[in-house]
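Engineer: build me a model from this:
(2 chains)
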Amino acid sequence: MKRFIARHVGTLPKSGIRDFFEIVSKMKDVISLGIGEPDFDTPWHIREAAIYALEKGKTHYTSNLGLVELRRAISTYVEAHYGVSYRPDDEIIVTVGVSEAIDLALRALLNPGDKVLYHQPCYVSYNPSVALAHGVAIPVPTRAGDGFALNVADIEKAWQPGCKVLMINLPCNPTGGTCDRARLEKIARFAVEKDLIVLSDEIYSELVYDNVHTSISVYPGMKERTIFLHGFSKAFAMTGFRIGYACGPAELIDAMMKIHQYSMLCAPILAQEAAVEALTRGEDSVKKMREQYHRRRDLVVRRLNEGGLDCHAPGGAFYVFPSVAATGLGDRDFAYGLLKAQSVAVVPGTAFGANGEGFVRASFATGYDQLVEACDRIERFVNATTPCSAPSSS
Amino acid sequence: MNPVLKLLIDGSHLTTAQMAQVAGMPESEVNKHLEQLKKDRIFLGWRPVLDLSRESVAAVRAVIEVKITPERGGGFNRLAERLSKFDEVESCYLMSGAYDLLIFVNGPSLQKVAGFVSEKLSTLEGVLSTSTHFMLRSYKEGSFLIEHSSMETDRLKVSP
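Structural biologist: Next up, the predicted model:
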């Protein structure tokens, strides 16, 4: 049947996480640090809002752009938290998670062969999403040395004629990398200079620990060339609701809406109703969860470094991305070895692109007791595998 | 705020060794903080949260609304403190509204609890009236849902 499959789909590699998931899911008593979602259940008042909506018979289609109450709430929230103002009428679209918003944006923007710059290691869907929209993805490396921040020098180096879009994800899954204002401003200037549209996936922006998050859309000349992407999955622990949104220039949102109306029609109404509740009354829950993540981050970073892995403190999100070089193992061998020997699951860095080689992603969206136990086991594994430093031959 | 107190408030149910890891300090320091909290009468003691209905341990719990006469000089305190000394009393609160004290009591049987109310509580000088409500079923105890299903099982073991 393969001959029937479209070339650009047939050649698409499977997610590196997939085969790892198959192995882990068959094992018992594994402590998994491989989970890219909050361990918290959605706060009850948000779930209750969805139940109430169901009771009230909210079971119909909504406007293609999403419920107007939700778009108003998004407009207020984004202005208050990010300092950028978007009109609810034509500059905001509600989508089925940020994943759909990325897909819509890329399909709306790219002609076949258009190039997209994105930083790597990155979320698993970026490269395939570009390929599915017939674009060409061009990776820009980020490095452990500066906390996986994105540097304009690397973007300049990767840039080539035909680049139309720059995709950024700060804080970043899998590295937790963030960008300070100085770096971000330079990137913004570069985007203006090269006339790039910026897709800014800010799904982890509520979960930053050391500095205040800044959106690239605030810099001069950026609002008109940025599609701000956000959702409810991480900050409000609403992954299963599948709800996100995009804000941007009306013409771009309208182009995205065309695809959305023919493919998805609208995001599920119950998720939209829950999202209104989250934005209007969810701040306290977000704060509580952020405090927990912060302490867990400090715990895991300290323990992994003590245990012999070189691990930077991520500025945001809920992942650490330690180097496993000290063990002499590659990232896949480390992850499979750790799973087999100590029943702890982490994701090999190469699942997030070639630049992830030599690193693994460990999520700290797990309870303290599990994290402490996992760190103990990782330490045992590292001690058992790390080659003794050989005395220098004379 | 005392870092150990913060962990206690979070209700993370950690051992002192785990607290030490989370707070990034030696276990001896956690114990020192706990001692200080005890000294300050902020941390009064550990108590397990139990659902005894599963163990078929005979236990009866009741909430009693008590009206009392305040006294010159001491208000409600002397009587409230006196009531609190009974072993049957789990908790005792001064309330605003239609009654003065709300008392949580427990005992091995209905008769024992009723006996406590009629013989000890209502006969005290200053107690004007009592209204006893027996608890029939517990749905949440000390922040724990009684029918709690594990969170971990719902999540995929690895996800992007």
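Engineer: ranges for the helices of chain A?
Structural biologist: Assigned by DSSP state H, the helices in chain A fall at A:7-10, A:16-25, A:44-55, A:68-82, A:97-109, A:126-132, A:152-158, A:181-193, A:250-263, A:269-281, A:283-306, A:331-342, A:368-385.
Engineer: okay if I get those helices as TSV plus mean pLDDT and mean neighbour count?
Structural biologist: For glycine as for every other residue, the C-beta is placed from the backbone atoms N, C-alpha and C. Formatted as TSV, these follow (pLDDT from 0 to 100; neighbours: other C-beta atoms under 10 Å in any protein chain shown):
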stretch	mean pLDDT	mean neighbour count
helix A:7-10	93	10
helix A:16-25	84	17
helix A:44-55	95	16
helix A:68-82	98	18
helix A:97-109	98	24
helix A:126-132	96	20
helix A:152-158	98	16
helix A:181-193	97	17
helix A:250-263	98	17
helix A:269-281	97	22
helix A:283-306	95	18
helix A:331-342	95	19
helix A:368-385	95	19
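Engineer: closest one to chain B among those helices?
Structural biologist: helix A:16-25 (4.1 Å; C-beta to the nearest C-beta).
Engineer: other SSEs contacting that closest one?
Structural biologist: Applying 3 or more C-beta pairs under 8 Å, 6 or more residues apart in numbering or on different chains; DSSP states H and E, we find helix A:16-25 packed against helix A:331-342, strand A:347-348.
Engineer: which ones are touching the residue of chain B found nearest chain A?
Structural biologist: Residue nearest to chain A within chain B (C-beta to the nearest C-beta): residue B:158, separated by 3.8 Å. Applying C-beta atoms under 8 Å, 6 or more residues apart in numbering or on different chains, one finds that residue B:158 lies in contact with A:17, A:20, A:21, A:24, A:25, A:32, A:34, A:35, A:345, A:347.
Engineer: same thing but at 6 Å, please
Structural biologist: Residue B:158 makes contact with A:17, A:20, A:21, A:24, A:34 under the criterion C-beta atoms under 6 Å, 6 or more residues apart in numbering or on different chains.
Engineer: next one: residue A:91
Structural biologist: Contact partners of residue A:91, counting by C-beta under 6 Å, 6+ apart, are A:247, A:250, A:253.
Engineer: just give the number of residues close to the residue nearest to residue A:311 when sequence neighbours are not counted.
Structural biologist: Nearest-residue entry for residue A:311: residue A:322, 3.6 Å, with adjacent residues in sequence omitted and distances by C-beta to C-beta, 6 or more residues apart in numbering or on different chains. The burial count assigned to residue A:322 is 27, neighbours taken as other C-beta atoms under 10 Å in any protein chain shown.
Engineer: so residue A:322 makes contact with residue A:309?
Structural biologist: Yes: using C-beta atoms under 6 Å, residue A:322 is in contact with residue A:309, at 4.1 Å.
Engineer: quick one: residue A:100 from residue A:244, how far?
Structural biologist: Separation of residue A:100 from residue A:244 (C-beta to C-beta, to the nearest Å) stands at 7 Å.
Engineer: could you do residue A:102 as well?
Structural biologist: When residue A:102 is compared with residue A:244 (using C-beta to C-beta), they lie 9 Å apart.
Engineer: likewise for residue B:16?
Structural biologist: The value you get for residue B:16 to residue A:244, if C-beta to C-beta is used, is 42 Å.
Engineer: who has more neighbours out of the two?
Structural biologist: Of the pair residue B:16 and residue A:244, residue A:244 is the one with more neighbours under other C-beta under 10 Å, namely 26 against 15.
Engineer: what bridges to the more buried one?
Structural biologist: residue A:95, residue A:231 (DSSP bridges).
Engineer: wait, does stretch A:29-47 contact chain B?
Structural biologist: Yes: legend: contact between stretch A:29-47 and chain B by C-beta under 6 Å from any C-beta of the partner chain is shown at A:32, A:34, A:35, A:36, A:37.
Engineer: which residues of chain B lie near chain A?
Structural biologist: In this structure, chain B approaches chain A at residues B:12, B:14, B:18, B:21, B:22, B:24, B:155, B:157, B:158, B:159, B:160, judged by C-beta under 6 Å from any C-beta.
Engineer: among the residues you listed, which ones are buried?
Structural biologist: Among those, those scoring as buried are B:12, B:14, B:18, B:21, B:22, B:155, B:157, B:158, B:159, B:160 (criterion: 16 or more other C-beta atoms under 10 Å in any protein chain shown).
Engineer: inside helices: which ones of these?
Structural biologist: Using DSSP H, B:18, B:21, B:22 are the members of these that sit in helices.
Engineer: any chance of those in TSV, plus distance to residue A:273 and pLDDT?
Structural biologist: Shown next, in TSV, are those (distance: C-beta to C-beta, whole Å; pLDDT from 0 to 100):
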residue	distance to residue A:273	pLDDT
B:18	39	89
B:21	40	88
B:22	36	88
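Engineer: quick one, which of the buried ones among the residues of chain B next to chain A has the minimum pLDDT?
Structural biologist: Of all those, the model is least confident about residue B:12, whose pLDDT is 70.
Engineer: tell me the spacing between it and residue A:158.
Structural biologist: For residue B:12, the distance to residue A:158 equals 44 Å [C-beta to C-beta].
Engineer: repeat that for residue B:94.
Structural biologist: From residue B:94 over to residue A:158 the distance is 69 Å, taken as C-beta to C-beta.
Engineer: residues contacting residue 17?
Structural biologist: You didn't pick a chain, so chain A it is. Residues in contact with residue A:17 (C-beta under 6 Å, 6+ apart) are A:351, B:158, B:160.
Engineer: I was thinking of chain B, sorry if that wasn't clear
Structural biologist: If a contact means C-beta under 6 Å, 6+ apart, then residue B:17 has residue B:27 as its contacts.
Engineer: give me the pLDDT for it.
Structural biologist: For residue B:17, the model assigns a pLDDT of 90.
Engineer: who are the neighbours in contact with residue 117?
Structural biologist: No chain was given, so I picked chain A. When contacts are taken as C-beta under 6 Å, 6+ apart, residue A:117 is in contact with A:138, A:140, A:158, A:163, A:166.
Engineer: correction: the question concerned chain B.
Structural biologist: Residue B:117 makes contacts with B:130, B:132, as judged by C-beta under 6 Å, 6+ apart.
Engineer: using the three-state scheme, assign it.
Structural biologist: Counting by DSSP: H, G, I helix; E, B strand; the rest coil, the backbone at residue B:117 sits in helix.
Engineer: any idea how far it is from residue B:63?
Structural biologist: Plainly put, residue B:117 is 11 Å away from residue B:63 if you go by C-beta to C-beta.
Engineer: got it, and residue A:320?
Structural biologist: When residue A:320 is compared with residue B:63 (using C-beta to C-beta), they lie 47 Å apart.
Engineer: tell me which of the two has more neighbours.
Structural biologist: Between residue A:320 and residue B:63, counted using other C-beta under 10 Å, residue A:320 has the larger neighbour count: 28 against 15.
Engineer: residue A:298 is in contact with that one, correct?
Structural biologist: No: using C-beta under 6 Å, residue A:320 is not in contact with residue A:298, being 10.6 Å away.
Engineer: domain ranges for the chain?
Structural biologist: I went with chain A, as the question did not name one. The record's domain parsing of chain A by automatic domain parsing lists A:2-42+A:284-385, A:44-281.
Engineer: chain B was what I was after
Structural biologist: Following automatic domain parsing, one finds the domains of chain B at B:3-39, B:52-136.
Engineer: which of those comes out lowest on mean pLDDT?
Structural biologist: Out of the domains of chain B, the stretch the model trusts least by mean pLDDT is domain B:3-39, with a mean of 89.
Engineer: next, the distance between the ends of that one.
Structural biologist: Its first and final residues considered, domain B:3-39 spans 16 Å by C-alpha to C-alpha, to the nearest Å.
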